[in-house]
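Participant: 3D, please:
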Amino acid sequence: MSGLVTSGEKRLVVVSGRAHLDLATQVGEELGCGVSSTTAYDFANGEIYVRFNESVRGADVFVIQSHTSPINKWLMEQLIMIDAAKRASAKRITVVAPFYPYARQDKKHQGREPISARLVADLYKTAGADRVMSVDLHASQEQGFFDGPVDHLWAMPVLVDYVRRRVDQTNVTIVSPDAGRIRVAEKWAAKLGNCPLAFVHKTRDTTRPNVAVANRVVGDVSGRQCVLVDDLIDTGGTIAEAVKVLYNAGAQSVIVAATHGVLSDPAPRRLAEVGATEVVVTDTLPITPEKRFSNLTILPIAPLLARAIKEVFEDGSVTSLFDGAA
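Facilitator: Down below sits the predicted model:
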């Protein structure tokens, strides 16, 4: 049967939702097992139907879904696939969500707000998931939301290896777009030879989505190549303002590096026009032609996911993938 790898008495099955089939196909190719065939379609009223075309009884099933727009549809599809695997007697079910849905809603900013990232974890558990795998969570605390093992992978090795070849390591400064990402920036700095750090001081209106104001740079960036690092780029407002602030502070050049390219409108236009030397993201999310622009670089994340899946399947260690040490 396609989509199956046998290791003794264990079987690996990779299945995918419809949001980003290219990524799942690449993961299947890296593993050498392909993606198991499924039948999936929408009813006229929007209900989703999914059926696995091959047996998953007793198998280690990895359900891959990238949560792009419309995010609620793709989340529901993944939950239905988990339920189908559970009812088909899968031995273990692992959610593979490269971009964790609702990750930004990880705490309460005001009274009477939900913690939606925790709700998603509860939904996964209720549907039948035994394990969750994701890349660069918005906040590490989200690992504690799921009642079971969570593999929090880092895309940093993929991004750092690329950026290292694009900068002069004797004249580079790593820049965090806000104070909250300083720890990630520190890891970047260590991997690029303990280069200097800076961060952009910004203010955010928590009552309005996608609104932030970059005020000034804390740290010396004058005459230096800057690498502005973040976990995701949505509408691009925060990143575009940060790039402007860096140039106003005398930066020689700015490379933007982020794991998740959400790139909601008007991000492509903003990022194309702001003057960044390059914008580097991974393909945890599908980046359609209308979201692409001339200085955008997309790096493959499938090798990282495939390695983690293989280690989990073989009961190996994924510790090196947790801290960016891969």
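Participant: surely H201 meets A179?
Facilitator: Yes - between H201 and A179 there is a contact under C-beta atoms under 8 Å: 7.2 Å. Backbone N, C-alpha and C define where each C-beta goes, glycine included.
Participant: how does this structure divide into domains?
Facilitator: Residue ranges for the domains of the chain, per automatic domain parsing: 4-154+302-322, 156-299.
Participant: mind listing the helices for the stretch 101-250 of the chain?
Facilitator: Listed in chain order, the helices of the stretch 101-250 of the chain (DSSP state H, counting those that start in this stretch) span 116-127, 156-164, 182-191, 237-248.
Participant: to R11, which of the ones you listed lies closest?
Facilitator: helix 116-127 (21.0 Å; C-beta to C-beta).
Participant: mean confidence for the lengthiest helix in the chain?
Facilitator: Criterion DSSP state H: the longest helix present in the chain is helix 71-87. The average pLDDT within helix 71-87 is 98.
Participant: can you check stretch 270-277 too?
Facilitator: 96.
Participant: buried residues, it. List them.
Facilitator: Across stretch 270-277, burial judged by 16 or more other C-beta atoms under 10 Å covers 270-272, 274, 276-277.
Participant: check contacts around the closest residue to I71 other than its chain neighbours.
Facilitator: Of all residues not flanking I71 in the chain, P101 sits nearest, at 5.7 Å (C-beta to C-beta, 6 or more residues apart in numbering). Contacts for P101 were tallied using C-beta atoms under 8 Å, 6 or more residues apart in numbering; they are 67, 71, 74-75, 120.
Participant: among those residues, which ones are buried?
Facilitator: The neighbour count (16+ other C-beta under 10 Å) marks 67, 74-75, 120 as buried among the contacts of P101.
Participant: pick out the most distant pair among those residues.
Facilitator: Counting by C-beta to C-beta, the most remote pair of the buried ones among the contacts of P101 is W74 and V120, 11.9 Å apart.
Participant: pLDDT on stretch 147-167, on average?
Facilitator: Throughout stretch 147-167, pLDDT has a mean value of 96.
Participant: again, but for stretch 126-134
Facilitator: The pLDDT scores in stretch 126-134 average 98.
Participant: gap between it and the chain center?
Facilitator: 17 Å (C-alpha atoms, centre = their mean, to the nearest Å).
Participant: same question for stretch 125-145.
Facilitator: For stretch 125-145, the distance to the chain centre is 12 Å (C-alpha atoms, centre = their mean).
Participant: what are the buried residues along stretch 117-126?
Facilitator: For stretch 117-126, burial by neighbour count (16+ other C-beta under 10 Å) applies to 117-118, 120-121, 123-125.
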